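Undergrad: Build me a structure from this.
(one chain, ligands or ions: 1)
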Amino acid sequence: MKFTKMHGLGNDFILVDAITEQIKEDYSHLSRKICDRHFGIGADGLILVLPSEKEDIKMRIFNPDGSEPEMCGNGLRCFAKFVYEKGIVSKKIMTVETLAGTMIPELILDNNKVINIKVDMGQPILERSLIPMLGNSGQVIEETIIVEGKEFKVTAVSMGNPHCIIFVPDINEIDIYKWGPLVESHELFPNKTNVEFVQIINEEKVIMRVWERGAGITNACGTGACATLVAANLSGKTSKKAEVQLLGGSLYIEWLLNGHVLMTGSATNVFQGEYL
Ligand SMILES: N[C@H](CCC[C@H](N)C(=O)O)C(=O)O
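TA: Numbering: from 1, shown residues only. Predicted structure coming up:
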(Lines give C-alpha, C1' and ligand atoms only; values in the text may rest on other atoms or scores of the structure.)
Protein backbone atom coordinates (compact mmCIF):
# COMPACT_ATOMS: atom_id res chain seq x y z
CA MET A 1 0.00 0.00 0.00
CA LYS A 2 1.53 3.32 -1.13
CA PHE A 3 1.53 6.13 1.46
CA THR A 4 2.91 9.61 2.04
CA LYS A 5 4.23 10.66 5.44
CA MET A 6 3.45 14.30 6.30
CA HIS A 7 3.26 16.55 9.31
CA GLY A 8 1.62 19.76 10.46
CA LEU A 9 4.01 21.39 12.96
CA GLY A 10 5.37 17.98 13.92
CA ASN A 11 1.91 16.38 14.35
CA ASP A 12 2.60 13.58 11.91
CA PHE A 13 0.32 11.51 9.72
CA ILE A 14 0.32 8.68 7.22
CA LEU A 15 -1.79 9.65 4.20
CA VAL A 16 -3.23 7.03 1.87
CA ASP A 17 -5.25 7.53 -1.32
CA ALA A 18 -7.84 4.89 -0.44
CA ILE A 19 -9.58 5.51 -3.78
CA THR A 20 -6.63 4.02 -5.66
CA GLU A 21 -5.19 1.75 -2.97
CA GLN A 22 -7.65 -1.08 -2.39
CA ILE A 23 -7.50 -1.36 1.43
CA LYS A 24 -9.20 -4.56 2.51
CA GLU A 25 -8.28 -4.31 6.20
CA ASP A 26 -10.47 -2.71 8.87
CA TYR A 27 -9.27 0.91 9.05
CA SER A 28 -9.19 0.99 12.85
CA HIS A 29 -7.06 -2.16 13.03
CA LEU A 30 -4.79 -0.85 10.28
CA SER A 31 -4.30 2.43 12.15
CA ARG A 32 -3.23 0.67 15.34
CA LYS A 33 -0.62 -1.30 13.37
CA ILE A 34 0.66 1.35 10.95
CA CYS A 35 0.91 4.20 13.52
CA ASP A 36 3.05 2.13 15.88
CA ARG A 37 6.49 3.78 16.03
CA HIS A 38 8.34 0.45 16.37
CA PHE A 39 6.31 -2.18 14.56
CA GLY A 40 4.80 0.11 11.95
CA ILE A 41 5.61 3.34 10.08
CA GLY A 42 4.86 5.50 13.13
CA ALA A 43 2.51 8.51 13.25
CA ASP A 44 -0.07 10.43 15.29
CA GLY A 45 -2.76 9.24 12.87
CA LEU A 46 -3.80 7.50 9.64
CA ILE A 47 -5.62 9.71 7.13
CA LEU A 48 -7.60 8.23 4.24
CA VAL A 49 -8.70 9.92 1.02
CA LEU A 50 -12.14 8.65 0.00
CA PRO A 51 -14.78 9.64 -2.57
CA SER A 52 -17.61 11.92 -1.49
CA GLU A 53 -21.10 12.16 -2.97
CA LYS A 54 -21.72 15.70 -1.77
CA GLU A 55 -18.28 17.37 -1.50
CA ASP A 56 -15.11 17.52 -3.58
CA ILE A 57 -13.52 14.77 -1.49
CA LYS A 58 -13.87 12.94 1.85
CA MET A 59 -11.37 12.62 4.71
CA ARG A 60 -11.41 9.96 7.42
CA ILE A 61 -8.82 9.99 10.19
CA PHE A 62 -7.92 7.35 12.76
CA ASN A 63 -5.93 7.83 15.99
CA PRO A 64 -3.03 5.49 16.85
CA ASP A 65 -5.35 3.70 19.31
CA GLY A 66 -7.72 2.91 16.43
CA SER A 67 -10.44 5.37 17.46
CA GLU A 68 -11.94 7.58 14.74
CA PRO A 69 -12.12 11.27 15.74
CA GLU A 70 -14.60 13.64 14.15
CA MET A 71 -11.97 16.12 12.98
CA CYS A 72 -8.26 16.91 12.81
CA GLY A 73 -6.94 20.37 11.99
CA ASN A 74 -3.29 19.60 11.28
CA GLY A 75 -4.38 16.50 9.41
CA LEU A 76 -6.80 18.48 7.26
CA ARG A 77 -4.02 20.85 6.15
CA CYS A 78 -1.86 17.84 5.19
CA PHE A 79 -4.89 16.24 3.47
CA ALA A 80 -5.61 19.34 1.34
CA LYS A 81 -1.99 19.64 0.24
CA PHE A 82 -1.82 15.88 -0.49
CA VAL A 83 -4.95 15.69 -2.67
CA TYR A 84 -3.96 18.83 -4.59
CA GLU A 85 -0.37 17.71 -5.25
CA LYS A 86 -1.57 14.22 -6.26
CA GLY A 87 -4.04 15.76 -8.70
CA ILE A 88 -6.99 14.15 -6.89
CA VAL A 89 -8.58 17.59 -6.39
CA SER A 90 -7.51 20.45 -8.68
CA LYS A 91 -9.19 23.25 -6.68
CA LYS A 92 -7.22 25.62 -4.44
CA ILE A 93 -10.35 26.08 -2.31
CA MET A 94 -11.97 22.69 -1.79
CA THR A 95 -14.85 21.23 0.19
CA VAL A 96 -13.97 18.23 2.36
CA GLU A 97 -16.57 15.90 3.87
CA THR A 98 -15.63 14.91 7.43
CA LEU A 99 -17.46 13.42 10.41
CA ALA A 100 -17.58 16.98 11.81
CA GLY A 101 -19.28 18.29 8.67
CA THR A 102 -17.93 20.08 5.58
CA MET A 103 -14.57 21.82 6.01
CA ILE A 104 -13.14 24.33 3.53
CA PRO A 105 -9.34 24.41 3.25
CA GLU A 106 -7.76 27.08 1.02
CA LEU A 107 -4.31 26.40 -0.38
CA ILE A 108 -1.93 29.38 -0.40
CA LEU A 109 0.33 28.91 -3.42
CA ASP A 110 3.61 30.46 -4.54
CA ASN A 111 4.57 29.46 -8.09
CA ASN A 112 1.97 26.67 -7.81
CA LYS A 113 3.80 25.35 -4.71
CA VAL A 114 1.65 24.98 -1.56
CA ILE A 115 3.29 27.21 1.04
CA ASN A 116 0.47 27.49 3.60
CA ILE A 117 -3.09 26.39 4.17
CA LYS A 118 -5.96 28.44 5.59
CA VAL A 119 -8.90 26.41 6.89
CA ASP A 120 -12.41 27.55 7.82
CA MET A 121 -12.95 25.15 10.73
CA GLY A 122 -16.59 26.11 11.15
CA GLN A 123 -18.32 27.21 14.34
CA PRO A 124 -17.13 26.00 17.76
CA ILE A 125 -19.72 24.00 19.71
CA LEU A 126 -20.12 25.38 23.24
CA GLU A 127 -23.29 23.68 24.51
CA ARG A 128 -22.17 21.24 27.23
CA SER A 129 -24.37 18.36 26.08
CA LEU A 130 -22.91 18.61 22.56
CA ILE A 131 -19.25 18.65 23.60
CA PRO A 132 -20.24 16.16 25.09
CA MET A 133 -19.70 16.76 28.80
CA LEU A 134 -22.00 15.53 31.55
CA GLY A 135 -23.77 18.05 33.79
CA ASN A 136 -26.35 20.82 33.53
CA SER A 137 -26.95 22.48 30.15
CA GLY A 138 -25.16 25.65 29.10
CA GLN A 139 -21.54 26.60 28.42
CA VAL A 140 -18.54 25.32 30.41
CA ILE A 141 -16.24 28.28 31.12
CA GLU A 142 -13.64 27.98 33.91
CA GLU A 143 -15.74 25.35 35.75
CA THR A 144 -14.07 23.49 38.61
CA ILE A 145 -13.69 19.72 38.25
CA ILE A 146 -11.91 17.33 40.60
CA VAL A 147 -9.28 14.98 39.16
CA GLU A 148 -7.79 12.56 41.69
CA GLY A 149 -8.47 15.05 44.47
CA LYS A 150 -6.92 18.02 42.62
CA GLU A 151 -9.08 20.93 41.45
CA PHE A 152 -8.85 22.10 37.83
CA LYS A 153 -10.74 24.99 36.24
CA VAL A 154 -11.81 23.77 32.79
CA THR A 155 -13.38 25.32 29.70
CA ALA A 156 -14.97 22.88 27.23
CA VAL A 157 -15.13 23.53 23.47
CA SER A 158 -15.86 21.16 20.59
CA MET A 159 -14.48 21.71 17.09
CA GLY A 160 -16.31 18.57 16.09
CA ASN A 161 -14.00 16.75 18.50
CA PRO A 162 -14.03 17.49 22.25
CA HIS A 163 -11.45 19.72 23.97
CA CYS A 164 -10.94 20.46 27.67
CA ILE A 165 -8.85 23.64 28.07
CA ILE A 166 -7.04 24.32 31.36
CA PHE A 167 -5.30 27.68 31.89
CA VAL A 168 -2.13 27.49 33.99
CA PRO A 169 0.26 30.22 35.24
CA ASP A 170 3.38 28.37 34.02
CA ILE A 171 3.18 25.72 31.28
CA ASN A 172 6.46 24.18 32.48
CA GLU A 173 5.04 23.51 35.93
CA ILE A 174 2.27 21.13 34.80
CA ASP A 175 2.92 17.34 34.67
CA ILE A 176 1.10 16.60 31.39
CA TYR A 177 2.02 12.92 31.43
CA LYS A 178 0.18 12.59 34.76
CA TRP A 179 -2.82 14.88 34.34
CA GLY A 180 -3.37 14.53 30.58
CA PRO A 181 -4.58 10.92 30.58
CA LEU A 182 -6.59 11.43 33.79
CA VAL A 183 -8.55 14.32 32.26
CA GLU A 184 -8.78 12.57 28.85
CA SER A 185 -10.70 9.71 30.46
CA HIS A 186 -12.54 11.69 33.15
CA GLU A 187 -16.09 10.42 33.72
CA LEU A 188 -17.51 13.85 32.81
CA PHE A 189 -16.45 13.22 29.17
CA PRO A 190 -18.44 10.24 27.86
CA ASN A 191 -16.50 10.28 24.54
CA LYS A 192 -13.21 11.12 26.32
CA THR A 193 -11.55 14.44 25.43
CA ASN A 194 -8.43 16.16 24.15
CA VAL A 195 -6.72 18.13 26.93
CA GLU A 196 -4.99 21.48 26.39
CA PHE A 197 -2.86 23.20 29.05
CA VAL A 198 -2.49 26.89 28.19
CA GLN A 199 -0.32 29.74 29.46
CA ILE A 200 -1.41 33.24 28.42
CA ILE A 201 1.48 35.44 27.23
CA ASN A 202 -0.65 38.38 26.16
CA GLU A 203 -4.03 38.99 24.51
CA GLU A 204 -2.62 37.95 21.12
CA LYS A 205 -0.28 35.09 22.10
CA VAL A 206 -0.61 31.90 24.14
CA ILE A 207 1.55 28.82 24.71
CA MET A 208 -0.31 25.51 24.50
CA ARG A 209 0.68 21.93 25.26
CA VAL A 210 -1.69 19.10 24.35
CA TRP A 211 -2.51 15.60 25.50
CA GLU A 212 -4.55 14.26 22.59
CA ARG A 213 -7.41 11.79 22.93
CA GLY A 214 -6.29 8.46 21.51
CA ALA A 215 -2.76 9.69 20.79
CA GLY A 216 -1.15 11.18 23.91
CA ILE A 217 1.31 14.08 23.76
CA THR A 218 1.73 15.47 20.22
CA ASN A 219 3.80 18.38 18.91
CA ALA A 220 0.71 20.27 17.86
CA CYS A 221 -3.08 20.04 17.64
CA GLY A 222 -4.99 22.12 15.11
CA THR A 223 -8.47 21.66 16.52
CA GLY A 224 -6.94 22.12 19.96
CA ALA A 225 -5.43 25.45 18.92
CA CYS A 226 -8.84 26.59 17.63
CA ALA A 227 -10.57 25.44 20.83
CA THR A 228 -7.86 27.18 22.88
CA LEU A 229 -8.42 30.56 21.17
CA VAL A 230 -12.19 30.27 21.64
CA ALA A 231 -11.80 29.33 25.32
CA ALA A 232 -9.25 32.10 25.94
CA ASN A 233 -11.51 34.72 24.34
CA LEU A 234 -14.64 33.46 26.12
CA SER A 235 -12.83 33.72 29.45
CA GLY A 236 -11.63 37.26 28.64
CA LYS A 237 -7.94 36.34 28.36
CA THR A 238 -7.26 37.08 24.68
CA SER A 239 -8.74 38.93 21.73
CA LYS A 240 -10.45 36.97 18.93
CA LYS A 241 -7.14 36.52 17.09
CA ALA A 242 -3.98 34.98 18.53
CA GLU A 243 -0.79 33.07 17.87
CA VAL A 244 -0.95 29.66 19.50
CA GLN A 245 2.62 28.58 20.16
CA LEU A 246 3.02 24.79 20.26
CA LEU A 247 5.99 22.45 20.64
CA GLY A 248 6.20 22.09 16.84
CA GLY A 249 5.64 25.74 15.93
CA SER A 250 2.85 28.32 15.83
CA LEU A 251 -0.67 28.30 14.44
CA TYR A 252 -2.53 31.54 13.76
CA ILE A 253 -6.17 31.36 14.81
CA GLU A 254 -8.96 33.89 14.34
CA TRP A 255 -12.56 33.70 15.59
CA LEU A 256 -14.39 35.58 12.85
CA LEU A 257 -17.44 37.81 13.22
CA ASN A 258 -19.49 35.14 11.39
CA GLY A 259 -18.72 32.79 14.27
CA HIS A 260 -16.39 30.57 12.22
CA VAL A 261 -12.84 29.83 13.34
CA LEU A 262 -10.03 30.32 10.81
CA MET A 263 -6.81 28.31 11.22
CA THR A 264 -3.69 29.11 9.18
CA GLY A 265 -0.59 26.95 9.17
CA SER A 266 1.82 24.78 7.21
CA ALA A 267 1.86 21.17 6.05
CA THR A 268 5.07 19.34 5.15
CA ASN A 269 5.87 16.28 3.02
CA VAL A 270 8.45 14.03 4.67
CA PHE A 271 8.67 10.86 2.54
CA GLN A 272 6.72 8.43 0.39
CA GLY A 273 6.82 4.67 0.72
CA GLU A 274 5.09 1.34 0.43
CA TYR A 275 3.60 -0.40 3.48
CA LEU A 276 4.12 -4.15 3.16
N1 LIG B 1 -6.67 12.95 18.60
C2 LIG B 1 -7.73 13.88 18.21
C3 LIG B 1 -7.82 13.97 16.67
C4 LIG B 1 -6.63 14.67 16.07
C5 LIG B 1 -6.65 16.13 16.42
C6 LIG B 1 -5.35 16.88 16.20
N7 LIG B 1 -4.22 16.12 15.73
C8 LIG B 1 -5.59 18.09 15.33
O9 LIG B 1 -4.65 18.53 14.64
O10 LIG B 1 -6.71 18.64 15.38
C11 LIG B 1 -9.10 13.39 18.74
O12 LIG B 1 -9.22 12.20 19.05
O13 LIG B 1 -10.01 14.23 18.79
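
Undergrad: number of nearby residues for Asn111?
TA: Neighbourhood size, Asn111 [other C-beta atoms under 10 Å]: 5. No exception for glycine: its C-beta is placed from N, CA and C like everyone else's.

Undergrad: next one: phi and psi at it?
TA: phi 50, psi 40 (degrees, to the nearest 10).

Undergrad: quick thing: my sequence starts at 56, can you match it?
TA: Right, with 56 as the first residue, what we last looked at is Asn166.

Undergrad: And the pLDDT for it?
TA: What the model reports for Asn166 is a pLDDT of 90.

Undergrad: now Gln77
TA: On the pLDDT scale, Gln77 is placed at 86.

Undergrad: and the one helix or strand Ile272 maps to, what does it pack onto?
TA: Using DSSP states H and E, Ile272 falls within strand 271-273. Applying 3 or more C-beta pairs under 8 Å, 6 or more residues apart in numbering; DSSP states H and E, we find strand 271-273 packed against helix 231-239, strand 260-267.

Undergrad: With respect to burial, which of the ones you listed scores highest?
TA: Among the helices and strands packed on strand 271-273, strand 260-267 has the highest mean neighbour count (mean count of other C-beta atoms under 10 Å), at a mean of 24.

Undergrad: between that strand and helix 231-239, how big is the angle?
TA: Interaxial angle, strand 260-267 versus helix 231-239 (axes from the mean of the first three to the mean of the last three C-alpha atoms, to 10 degrees): 70 degrees.

Undergrad: Which among the helices and strands packed on strand 271-273 is found nearest to Thr59?
TA: Among those, the nearest to Thr59 by C-beta to C-beta is strand 260-267 (21.3 Å).

Undergrad: For Gly95, which residues are in contact?
TA: Lys88, Ile89, Tyr330 (C-beta atoms under 8 Å, 6 or more residues apart in numbering).

Undergrad: Swap in 10 Å and give it another go.
TA: Ile69, Leu85, Ser86, Arg87, Lys88, Ile89, Leu101, Pro119, Tyr330 (C-beta atoms under 10 Å, 6 or more residues apart in numbering).

Undergrad: Can you tell me which of those has the largest number of neighbours?
TA: The most neighbours of any of these, using other C-beta under 10 Å, belong to Leu101, which has 30 neighbours.

Undergrad: Around the ligand, which positions in the protein sit nearby?
TA: 66, 99, 118, 124, 127-130, 216, 249, 267-270, 273, 276-279 (C-beta under 6 Å from any ligand atom).

Undergrad: Just the ones in strands from these, please.
TA: Residues of those located in strands (DSSP state E): Asn66, Asn249, Glu267, Thr273.

Undergrad: So which of those is surrounded by the most neighbours?
TA: Busiest of those [other C-beta under 10 Å] is Asn66, holding 31 neighbours.

Undergrad: that older thread, for the helices and strands packed on strand 271-273, could you give me JSON lines that also reports distance to Met176 and mean pLDDT?
TA: Formatted as JSON lines, the helices and strands packed on strand 271-273 follow (distance: least, C-beta to C-beta, whole Å; pLDDT from 0 to 100):
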{"stretch": "helix 231-239", "distance to Met176": "21", "mean pLDDT": "98"}
{"stretch": "strand 260-267", "distance to Met176": "16", "mean pLDDT": "98"}
